[in-house]
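Predicted model and sequence below, questions to follow.
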Amino acid sequence: MWSAVATWEFSLQTIEKAKEILSQNGNALDAAEAGVRLVESDPNVESVGRGGFLNADGDLELDGAVMDGTTMKFGVAAGVKGFEHPVTIARAVMEHTPHAILVGAGAERFAREMGIPEADRSRLITEQAKKVWEEKKKIGHDTIGAITLDPLGNMAAATSTSGASMKTPGRVGDSPIIGSGFYVETGVGGAAATGWGEDIMRTCCSFRAVDLMRYGMSPQKAAETVVLTAHETILRHGGKPDCIALVCMNAEGEYGGAANHQGFTYACGSENDAPHVVQVTPIIDKDSDTKG
Ligand code: GLY
């Protein structure tokens, strides 16, 4: 059995790539990384990799992460400039260093030492991204987060994002933060988040969801429970929840997703389910605070 789920409609290409790899007995980590790389290279995805949102200085600073649910090792490259594939740097951090997280100039130097190709500013920063920056719009944070299961039962997670548009240089969101933006444990399940990183980090969404699946909750119910709990926790402590959305998969390859806002979609596919996009009905709507 293979299975894959990833945030947002734009990750249908991730699921198709995962299908290609996993249906030929490829491994979960290769599938997650390769699928995320496609989105990183897609200039039409405004919040990931090439063409991603620019920071307040008009620069592109990318975050990426991977986790191998079988070894429970993870790798992160955060605040990286001049590279198209932070997810690949993150994997190299996991596999070729005794560390888990490298940031900024250190991550870039390490990537060069590993022979990971750099990318020109003219390729990375698209005209559309410049236009958005010139309008000084704070418009988004639509990370890709993917969870994969291979036929041997191994699970993996990968995330990648440019982070929030107009972010303060040096800001890191949830996507490369273990337990918040991603978490996976082979034999249990995996989760990945998208939305306003600060809210997702303060409520540790991905770890919570995996723990709920550990105790038998379905991926759909775990996603809904975590999103609702995160939203209500922030409210209860005097905050105003921003966008929070989650995809989950269990060790059987079942998946689900939930959000506290309109418009969230995810892509998924498995041995028994052709790749497709799911429109999510919000479990609660942050703009009206009504349960859906
Ligand atoms: N969820 C992506 C970010 O806040 O950076």
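Okay, I see it.

buried stuff in the lowest-mean-pLDDT helix or strand in the chain?
The helix or strand of the chain with the poorest confidence is helix 127-134; it has a mean of 93 (mean pLDDT, DSSP states H and E). Buried residues in helix 127-134, defined by neighbour count with 16 or more other CB atoms under 10 Å: 129, 132-133. Quick note: C-beta positions are derived from backbone N, CA and C, even for glycine.

Distance to residue 44 added to the residues you listed, as JSON lines?
As requested, those are exported to JSON lines (distance: CB to CB, whole Å):
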{"residue": "129", "distance to residue 44": "11"}
{"residue": "132", "distance to residue 44": "13"}
{"residue": "133", "distance to residue 44": "17"}
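
now those as CSV including distance to the ligand?
Formatted as CSV, these follow (distance: CB to the nearest ligand atom, whole Å):
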residue, distance to the ligand
129, 15
132, 16
133, 16
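
quick one on the thing from earlier: and the helix or strand just after the least confident helix or strand of the chain, how far out from the chain's middle?
The C-terminal neighbour of helix 127-134 among helices and strands, as given by DSSP states H and E, is strand 144-149. Computed by CA atoms, centre = their mean, to the nearest Å, the chain-centroid distance of strand 144-149 equals 7 Å.

Would you tell me whether strand 144-149 gets close to the ligand?
No - Strand 144-149 lies out of reach of the ligand by CB under 6 Å from any ligand atom, never closer than 8.5 Å.

Now do the same for that strand: mean pLDDT, whole number.
The average pLDDT for strand 144-149 rounds to 98.

Tell me the spacing between the residue lying farthest from the centre of the chain and residue 22.
The C-alpha centroid of the chain is most remote from residue 238, which lies 27.1 Å away (CA atoms, centre = their mean). Distance, residue 238 to residue 22, using CB to CB, to the nearest Å: 44 Å.

got it, and residue 242?
When residue 242 is compared with residue 22 (using CB to CB), they lie 34 Å apart.

and if you look at residue 209?
Taking CB to CB as the measure, residue 209 falls 22 Å from residue 22.

And those two? Which one has more around it.
Using other CB atoms under 10 Å as the criterion, residue 209 and residue 22 rank with residue 209 on top: 33 against 27.

Now the more buried one: closest residue in space that isn't a chain neighbour?
Nearest non-adjacent residue to residue 209, counting by CB to CB, 6 or more residues apart in numbering: residue 191, 3.8 Å away.

so that neighbour touches residue 184, yeah?
Yes - at 7.5 Å, residue 191 counts as touching residue 184 under the criterion of CB atoms under 8 Å.

Identify the contacts common to these two.
Residues touching both residue 191 and residue 184 by CB atoms under 8 Å, 6 or more residues apart in numbering: 147, 157, 210.

Just confirm the last one is within a helix.
Yes - assessed with DSSP: H, G, I helix; E, B strand; the rest coil, residue 210 lies in a helix.

phi, psi of residue 192?
phi -140, psi 140 (degrees, to the nearest 10).

got the contact list for it?
Applying CB under 8 Å, 6+ apart to residue 192 gives the contacts 6-7, 143, 145-147, 157, 159, 181-182, 206, 246-247.

In stretch 43-60, which residues are buried?
43, 45-55, 60.

now stretch 93-113
Within stretch 93-113, judged by 16+ other CB under 10 Å, the buried ones are 93-94, 100-104, 107-108, 110-111.

what's the offset of that stretch from the middle of its chain?
Worked out by CA atoms, centre = their mean, stretch 93-113 lies 19 Å from the chain centre.

Between the two ends of it, how far is it?
From its first residue to its last, stretch 93-113 covers 11 Å (CA to CA, to the nearest Å).

average pLDDT for that stretch?
Mean predicted confidence for stretch 93-113 is 98.

Equivalent analysis for stretch 46-54, please.
The average pLDDT within stretch 46-54 is 96.

Compute the distance between the residue nearest the centre of the chain and residue 187, please.
Geometric centre of the chain, nearest residue: residue 145, 2.3 Å, by CA atoms, centre = their mean. Distance of residue 145 to residue 187, given as CB to CB: 20 Å.

Ok, residue 90 next?
Per CB to CB, residue 90 is found 23 Å from residue 187.

who's more crowded, those two?
residue 90 (32 against 12).

that's a helix at that one, yeah?
Yes - read with three-state DSSP, residue 90 is one of the residues of a helix.

that older thread, element containing the residue nearest to residue 209, please.
Taking DSSP H and E as the definition, residue 191 sits inside strand 189-195.

what about that strand, distance to the chain center?
Using CA atoms, centre = their mean, the offset of strand 189-195 from its chain centre is 7 Å.

Lovely, talk soon.
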